[in-house]
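Novice: Following is a predicted model, sequence given first.
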Amino acid sequence: SAGGIPAREREASRARGWARARVASRACAVVERDYEPIHVAIDCGYSQDSARALHSVGKQLSMIVGTNRRARRPARLHATSFAGDVAASVRQKHAIDAWQDMDTHADAFTEVPELLDAAGGDLNNFVYMSPDGEEVLTGEVESGVVYVFAGLIDVNPPTPNLSRARAESLGVRTARLPVREFYPGASATVMSIVSAVECVLTKQTTASWEEVMEIAVPNRIKEARKTRYKRRKGVA
C-alpha cells in the first residue's frame, strides 16, 4: 500500500474523486477530461473571533465550490481541521454536508489518508499557500502536490506570518503567489481564500502567471498599482 491505504480502497477513493470532479464540471462550458485532479485543502484549524467571522468562512467555502465548478480542470476539494465552532456554524448556515464537491475532515491535512496518498506519503509534497511564504510559486501546478490554503477571512491589516507559522508547526513548506512581482505598487497584496484558490486552479490551463494574475487577482490590487503609478507620474 502507498501512503498507508490499501490498493482497493485507494482505487475506490480515486473513482469517487473522478465522480466529484465530473459533478463539479457540469457548470463549466469547456472542461478538460483527461487530467489527474489536483487536491486543494482549506485548513479550518484557526480560531475565529466572532459569529460574523464564522459565517464568512462558510461563505468563502461555498464560493470556492462555485469557483471550482467553473474551472476547466476542477480540483478535489477538502476542508480539513473541520471541527468545533467552524464546523457547527458552516453546517448550520451553509449545509456543507449536502455539498457533493467538498470533503470534510476533522483531522489536520497532514493526517488525512486521502491527502497523504495524493502526496505520495511525503510531507514535502504539501505546499501551504501563505502571503508570507518562503518560496514564490512560479512553476507549474502539479497533480502530485497538495495545495493548502488558510481558512482565514480578510483582516485589515492582516496578522503577519499567521499561516506560515501554522504550516511550520505542521512541518510543511510554504509558498506565496507571485502577486508582489506583478503588482509591486500595491500596498496590500493579501487576497481572499477564493481568489487565491482561483489563481491555482487557473494556472493549470494558463500558459503564464502573468495571465493568471490578470484573470484572478482582485481589481483592488490592480487598481492600487495604477493609482500609485499615476501619482509617481503626476497623472490626474
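Specialist: Looks like it came in fine. Residues are numbered from 1 along each chain as shown.
Novice: Quick test: name the residue nearest the centre of the protein.
Specialist: Geometric centre of the chain, nearest residue: Val197, 3.8 Å, by C-alpha atoms, centre = their mean.
Novice: contacting residues for the spatially closest residue to it that is not a sequence neighbour?
Specialist: Distances taken as C-beta to C-beta, 6 or more residues apart in numbering place Ile64 nearest to Val197, at 5.3 Å, with adjacent residues excluded. In short, each C-beta sits where N, CA and C put it, glycine included. Contact analysis of Ile64 by C-beta atoms under 8 Å, 6 or more residues apart in numbering lists 40, 42, 77, 102, 193-194, 197.
Novice: Could you rerun that using 7 Å?
Specialist: Each residue near Ile64 by C-beta atoms under 7 Å, 6 or more residues apart in numbering is listed here: 42, 77, 193-194, 197.
Novice: I'd like the residues you listed as a markdown table, with pLDDT, distance to Phe182 and secondary structure appended.
Specialist: Written out in a markdown table, the entries for those read as follows (pLDDT from 0 to 100; distance: C-beta to C-beta, whole Å; DSSP: H, G, I helix; E, B strand; the rest coil):
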| residue | pLDDT | distance to Phe182 | secondary structure |
| --- | --- | --- | --- |
| Ile42 | 98 | 24 | strand |
| Leu77 | 97 | 26 | strand |
| Ile193 | 94 | 20 | helix |
| Val194 | 95 | 19 | helix |
| Val197 | 97 | 18 | helix |
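Novice: closest to Asp34 among those residues?
Specialist: Distances from Asp34 to the contacts of Ile64, taken as C-beta to C-beta, are shortest for Leu77 (20.3 Å).
Novice: average pLDDT for the host helix or strand of Gln60?
Specialist: Take DSSP states H and E as the rule and Gln60 turns out to sit in helix 51-70. Average pLDDT, helix 51-70: 93.
Novice: Flag every buried residue along that helix.
Specialist: Using 16 or more other C-beta atoms under 10 Å as the test for burial, helix 51-70 gives 53-58, 60-65, 67-69.
Novice: Same check on stretch 139-150?
Specialist: By neighbour count, and taking 16+ other C-beta under 10 Å as the criterion, the buried residues in stretch 139-150 are 141, 143, 145-150.
Novice: Pull the most distant pair out of those.
Specialist: The largest distance within the buried residues of stretch 139-150, taken as C-beta to C-beta, falls between Ser143 and Ala150 and amounts to 21.9 Å.
Novice: Out of the buried residues of stretch 139-150, which sit inside strands?
Specialist: Using DSSP state E, the members of those that fall in strands are 146-150.
Novice: Adding pLDDT and distance to Leu123 as columns, could you present those residues in CSV?
Specialist: Written out in CSV, the entries for those read as follows (pLDDT from 0 to 100; distance: C-beta to C-beta, whole Å):
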residue, pLDDT, distance to Leu123
Val146, 98, 10
Tyr147, 98, 14
Val148, 98, 11
Phe149, 98, 17
Ala150, 96, 17
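Novice: What is the nearest of these to Tyr128?
Specialist: Of all these, Val148 has the smallest distance to Tyr128: 4.6 Å, by C-beta to C-beta.
Novice: The closest one touches Phe109, doesn't it?
Specialist: Yes. Between Val148 and Phe109 a contact is recorded at 5.6 Å, counting by C-beta atoms under 7 Å.
Novice: Need the residues touching each of those two.
Specialist: Shared contacts of Val148 and Phe109 (C-beta under 7 Å, 6+ apart): 41, 43, 126.
Novice: Which of the residues you listed ranks first by neighbour count?
Specialist: The member of the shared contacts of Val148 and Phe109 that has the most neighbours, counting by other C-beta atoms under 10 Å, is Ala41 with 28 neighbours.
Novice: quick one: that residue is in a strand?
Specialist: Yes. Checked against DSSP: H, G, I helix; E, B strand; the rest coil, Ala41 lies within a strand.
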